[in-house]
Each structure stands twice: as structure tokens, then as C-alpha cells.
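**Q** fold the following.
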Amino acid sequence: MSVTRDEMIDAKADAQAAILRIIEKETARVTEANMNAAGRASAVRDLALAFRYVVGGQQPGAVSVESK
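**A** From the prediction side, this is the model:
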């Protein structure tokens with residue numbers, strides 16, 4: 001069985017959408033949770049990092065070279 005390029009693109013988009021829904025739900029849960037500020041900040045930071053990994057682009061600590 002062969003998978004087409006379009007099927008791979010659709011599968012990737014579906015996976016990203018599912019992960020983003022989970023991140024959104026977890027963010028809402030964390031902000032409403034009975035946690036101290038440091039614990040909440042840490043959890044939100046981790047969720048933000050997960051979001052950046054899913055959507056791609058510049059990552060924290062990455063070296064970026066821009067030409068003018």
C-alpha cells in the first residue's frame with residue numbers, strides 16, 4: 001500500500017490539529033487549576049514550547065541569522 005503526498009500532508013495536518021486541541025485544553029485546565037503561580041507558569045511555559053514544536057518555526061535558544 002502506497003501513501004500519496006496529499007495523504008501525508010492531510011495526516012500531518014490532522015495530527016497537528018489534534019495536538020493543538022490538547023494543548024488548548026491543557027492550557028485552560030492549568031489556568032483554572034489550584035496551583036501556585038510558579039507551578040502554573042512552568043506548566044504554561046511547557047505548553048508554549050510544545051505549541052512551538054508543533055507549528056514549527058524559530059525555537060527557543062536557536063541561532064538565527066538574518067540577511068539584510
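**Q** low-confidence ranges, the protein, go.
**A** In the predicted model, the chain carries pLDDT under 70 at residues 57-68.
**Q** swap in 80 and give it another go.
**A** 1, 56-68 (pLDDT under 80).
**Q** quick check: the residue nearest to the spatial centre of it vs Ile22, distance?
**A** The central residue of the chain, meaning the one whose C-alpha is nearest the mean C-alpha position (CA atoms, centre = their mean), is Phe51 at 1.6 Å. Distance of Phe51 to Ile22, computed by CB to CB, to the nearest Å: 10 Å. Yep, even glycine has a C-beta here, placed from its N, CA and C like the rest.
**Q** can you give me the helices in the chain?
**A** Shown for the chain, the helices assigned by DSSP state H span residues 5-32, 37-55.
**Q** CA atoms of the last one as CSV?
**A** As requested, C-alpha coordinates have been extracted for helix 37-55 and formatted as CSV (Å, rounded to 0.1, in the frame of the first residue of the first chain):
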residue,chain,number,x,y,z
ALA,A,37,2.0,30.8,40.4
ALA,A,38,5.3,29.1,39.9
GLY,A,39,3.7,25.8,39.0
ARG,A,40,1.2,27.4,36.7
ALA,A,41,3.9,29.4,35.0
SER,A,42,6.0,26.3,34.5
ALA,A,43,3.1,24.4,33.0
VAL,A,44,2.2,27.2,30.6
ARG,A,45,5.8,27.6,29.6
ASP,A,46,6.0,23.8,28.7
LEU,A,47,2.7,24.1,26.8
ALA,A,48,4.0,27.1,24.9
LEU,A,49,7.1,25.1,24.0
ALA,A,50,5.0,22.2,22.8
PHE,A,51,3.0,24.6,20.7
ARG,A,52,6.1,26.0,19.0
TYR,A,53,7.4,22.5,18.3
VAL,A,54,4.1,21.6,16.6
VAL,A,55,3.7,24.7,14.5
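**Q** run the angle between that helix and helix 5-32 for me.
**A** 170 degrees (axes from the mean of the first three to the mean of the last three CA atoms, to 10 degrees).
**Q** next, the buried residues of helix 37-55.
**A** Applying a neighbour-count criterion of 16 or more other CB atoms under 10 Å, one finds Ala43, Leu47, Ala50 buried in helix 37-55.
**Q** much appreciated, bye for now.
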